[in-house]
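Novice: take a look and give me a structure for this.
(2 chains, ligands or ions: 2)
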Amino acid sequence: MSEDGNMLLSVKNIEVVYNHVILVLKGVSLEVPEGGIVALLGANGAGKSTTLKSISNLLRAERGDVTKGTIEYMGEQVDSLTPNALVSKGVIQVMEGRHCFEHLTVEENLLTGSYTRKDGRAAVQRDLDMVYSYFPRLVDRQTSLAGYVSGGEQQMVAIGRALMAKPKLILLDEPSMGLAPQLVEEIFEIVHRLNKDEGVSFLLAEQNTSVALRYASYGYILENGRIVMDGDADKLASNEDVKEFYLGMAAGERKSFRDVKHYRRRKRWLA
Amino acid sequence: MEVLNAIFVLPFVDMFSEPIFFAEVVVGGLLTGVMYSLVALGFVLIFKASGVFNFAQGAMVLFAALTLVGLMEKGVPVWLALIIAAGVMVIVAVIIEKLVLRPLVNQPDIILFMATIGITFFLEGFGETVWGSDIHRLDVGIPDAPFEIGGMLLNEFDIWAAAIGAAMVGGLALFFRYTVIGRALRAVADDHQAALSVGIPLKTIWIVVWSVAGFVGLVAGIMWGTKSGVQFSLSLIALKALPVLILGGFTSIPGAIVGGLIIGVGEKVAEIYWGPLIGGAIENWFAYMLALVFLLFRPQGLFGEKIIERV
Ligand SMILES: Nc1ncnc2c1ncn2[C@@H]1O[C@H](COP(=O)(O)OP(=O)(O)OP(=O)(O)O)[C@@H](O)[C@H]1O
Ligand SMILES: [Mg+2]
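Specialist: Ligands and ions are numbered 1, 2, ... in the order given. The predicted structure is shown next:
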């Protein structure tokens, strides 16, 4: 991921501070190519959500600030745009924990996603049909209050709602959270199809490393506010350290990623 | 025994022995109730969309009415004065959003509440500085003649007030349900952050609700002002709206309406039939009593949005 030319999104060395004091991201850089699915992996509190929120600029509403670095979308610097402006340009975040509008019906939830659009009712209706075709389960739920549908259906509503904005890039935060494995698979399968058929790019924050790496083409591993490793998804998936610490394939206690490096470095040194 | 009789039996005997008078009392109560509903409605709108308990709603009623009456006293025709007063309420909304809400976003609710107390003093003070503090007579030309239906003596103005109130409420309900902005308002009311994330700009939404609350305030101000003159005490109806809200639920538009009507009728009936027992003035505290009972037994109010809990 080096040549800048066809990058949809490039985040360059950003630092994020909450409440003017808490430094959470300490120089994060990443890129999403046009039409790609990129995974951002890491444990609890690593800074995945913070990274996505700095891109969508939902950070401000949580008293967070990007204090260093730049964010470029389609070659344009977008750090100071409002979420509203970003959604109009095609960048939308699906927040962790789904955040459906509980007292609105499923269909009303989907329609709120079209708020920024100016291409008319017919186009919105077409996209609504498109969303229902990807998530046929939602058809039966159209008139139910979103607060009462199942967790999996809420995740579908959240993704469908984002699709209604006609996005180029979806920042998808932990879609697998709290869902049964089969449902996780179903959701990722749909993400994959949306990427292939509708050309939507995804930046995907996940703790579920194995699923994410199967569907993504490229991955970044975030630890403590820093990218500690990145590479093609299949390379990451077969990397011994990733296997050990993020895919849970080795027995024993999980250490921090940095400890491994020390350990390896020492081994190399000894060898 | 006699005490019980006087409390639990005699008032009802009175009601049944003079049904026409009783009906007059109820209708009178309903009409006052419409006014309460209108004021409470302004609260609910703002509370729903911005989670702010707007103490300044009463002051907005006063300010809107003062602006209207002030313009009319300067010889501006009614229709133009109405348009200008409505426009002034939009400007007030924009200024409040820019100077108060936006800088205080993410602050604890109590800070925003205190900010609305500040707005109250400002609007009251500014309104009186500009338009003076005398009682102004307001007459926007709504017919005001008594007439009789089935032996009941009614006032044409009251009927107009009720009709306008009902139309306003119906219009708002449709606006909320079927328009893009209305849907966005409900979305913001449900989840600020999620609304931001789909690109709904809070700024626009806030200006819209405060403006709508301003219009509702203007209508309420016209009704009250016509009845009892435009004066400082208009600002105090905000205090009457509080029990209405507790009764109806802070987030419910139908709740504001029904709550207002119940309190309007309840306090009139209580005053007339039970008041003499304790020397009157029940009207002053009845609403708060009722609110207290509700707080104890049904804190979400009659129509408060169900707290969705999934198991
Ligand atoms: N609004 C906030 N104010 C202060 N600190 C915050 C805020 N939001 C997050 N943090 C801190 O920033 C760090 C990174 O949080 P973030 O939510 O980005 O992690 P994450 O990788 O998404 O974790 P998870 O997998 O648990 O969602 C955490 O230490 C968290 O406590
Ligand atoms: Mg997170």
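
Novice: what's the closest non-adjacent residue to B:G260?
Specialist: B:S37 (3.0 Å; Cβ to Cβ, 6 or more residues apart in numbering or on different chains). Heads up, the C-betas are built off the backbone N, CA and C, glycines and all.

Novice: burial count for the one you found?
Specialist: Neighbourhood size, B:S37 [other Cβ atoms under 10 Å in any protein chain shown]: 33.

Novice: what strand or helix carries it?
Specialist: If you go by DSSP states H and E, B:S37 is part of helix B:19-50.

Novice: so which bits of the next helix or strand after that helix are buried?
Specialist: Moving toward the C-terminus from helix B:19-50, the first helix or strand encountered (DSSP H and E) is helix B:57-73. Within helix B:57-73, the residues that count as buried by 16 or more other Cβ atoms under 10 Å in any protein chain shown are B:57-72.

Novice: could you single out the nearest of those to ligand 2?
Specialist: Nearest to ligand 2 out of the buried residues of helix B:57-73 is B:Q57 (Cβ to the ion; 38.7 Å).

Novice: quick one: the helices in the stretch 101-250 of chain B?
Specialist: Using DSSP state H, counting those that start in this stretch, the helices found in the stretch 101-250 of chain B span residues B:102-104, B:109-131, B:156-178, B:180-190, B:192-197, B:202-228, B:237-248.

Novice: on the three-state scheme, the nearest residue to A:L23 once chain neighbours are set aside is what?
Specialist: The shortest distance from A:L23 to any non-neighbouring residue, by Cβ to Cβ, 6+ apart, is to A:V17 (5.4 Å). Each residue gets one of three states, and A:V17 gets strand by DSSP: H, G, I helix; E, B strand; the rest coil.

Novice: quick one: A:V17 and A:V24 touch, right?
Specialist: Yes: assessed by Cβ atoms under 8 Å, A:V17 is found in contact with A:V24 at 7.0 Å.

Novice: the two: which has the busier surroundings?
Specialist: When A:V17 and A:V24 are compared for neighbours, A:V24 comes out ahead with 20 against 17, by other Cβ under 10 Å.

Novice: hang on, the more buried one is in a helix, isn't it?
Specialist: No: using three-state DSSP, the assignment for A:V24 is strand, not a helix.

Novice: surely it touches A:A46?
Specialist: No: with contacts counted by Cβ under 8 Å, A:V24 stays clear of A:A46, the gap being 9.5 Å.

Novice: anything in contact with each of the two?
Specialist: Shared contacts of A:V24 and A:A46 (Cβ atoms under 8 Å, 6 or more residues apart in numbering or on different chains): A:G225.

Novice: in the stretch 51-200 of chain A, which spans are strands?
Specialist: A:64-73, A:76-77, A:91-94, A:169-173 (DSSP state E, counting those that start in this stretch).

Novice: how near is A:V184 to ligand 1?
Specialist: For A:V184, the distance to ligand 1 equals 15 Å [Cβ to the nearest ligand atom, to the nearest Å].

Novice: which residue does the stretch 151-300 of chain B have closest to chain A?
Specialist: B:G199 (3.0 Å; Cβ to the nearest Cβ).

Novice: find the nearest non-adjacent residue to that residue, please.
Specialist: Using Cβ to Cβ, 6+ apart, the nearest residue to B:G199 is A:V87, at 3.0 Å.

Novice: list the contacts for the one you found?
Specialist: Contacts of A:V87 by Cβ under 8 Å, 6+ apart are A:Y115, A:T116, A:A165, A:P167, B:V198, B:G199.

Novice: how about a cut-off of 6 Å?
Specialist: Counting by Cβ atoms under 6 Å, 6 or more residues apart in numbering or on different chains, A:V87 makes contact with A:T116, A:A165, B:G199.

Novice: pick out the residue of the stretch 1-150 of chain A closest to ligand 2.
Specialist: Closest point on the stretch 1-150 of chain A to ligand 2, by Cβ to the ion, is A:S49, at 3.1 Å.

Novice: the host helix or strand of that residue to strand A:64-73, inter-axis angle?
Specialist: Secondary structure assigned from DSSP H and E places A:S49 in helix A:48-56. Calculated by axes from the mean of the first three to the mean of the last three Cα atoms, to 10 degrees, helix A:48-56 forms an angle of 60 degrees with strand A:64-73.

Novice: average pLDDT for helix A:48-56?
Specialist: Across helix A:48-56, pLDDT averages out at 97.

Novice: three-state assignment of the nearest residue to A:Y73 once chain neighbours are set aside?
Specialist: Excluding its sequence neighbours, the residue lying closest to A:Y73 (Cβ to Cβ, 6+ apart) is A:L9, at 5.3 Å. When classified by three-state DSSP, A:L9 comes out as strand.

Novice: distance check, the residue minimising distance to the centre of chain B against B:P243.
Specialist: By Cα atoms, centre = their mean, the mean C-alpha position of chain B lies nearest to B:V39, the distance being 1.1 Å. Noted for B:V39: a distance of 12 Å to B:P243, by Cβ to Cβ, to the nearest Å.

Novice: and if you look at B:I282?
Specialist: Counting by Cβ to Cβ, the gap from B:I282 to B:P243 is 14 Å.

Novice: A:M229 is in what secondary structure piece?
Specialist: strand A:226-232.

Novice: buried stuff in that strand?
Specialist: A:R226, A:I227, A:V228, A:M229, A:D230.

Novice: turn those residues into CSV, including pLDDT and distance to B:I117.
Specialist: Shown next, in CSV, are the buried residues of strand A:226-232 (pLDDT from 0 to 100; distance: Cβ to Cβ, whole Å):
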residue, pLDDT, distance to B:I117
A:R226, 95, 46
A:I227, 95, 48
A:V228, 93, 51
A:M229, 93, 54
A:D230, 95, 53
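
Novice: so the closest residue to B:V169 other than its chain neighbours is in which element?
Specialist: In this structure, B:V169 finds its nearest non-sequential neighbour in B:I257, 5.5 Å apart by Cβ to Cβ, 6+ apart. Under the criterion of DSSP H and E, B:I257 resides in helix B:253-269.

Novice: what about the nearest residue to B:D158 once chain neighbours are set aside, distance to B:L261?
Specialist: The shortest distance from B:D158 to any non-neighbouring residue, by Cβ to Cβ, 6+ apart, is to B:L31 (4.4 Å). From B:L31 across to B:L261, the span is 9 Å (Cβ to Cβ).

Novice: got it, and B:W285?
Specialist: Distance from B:W285 to B:L261, by Cβ to Cβ: 19 Å.

Novice: so which of these two has more stuff around it?
Specialist: B:L261 (23 against 13).
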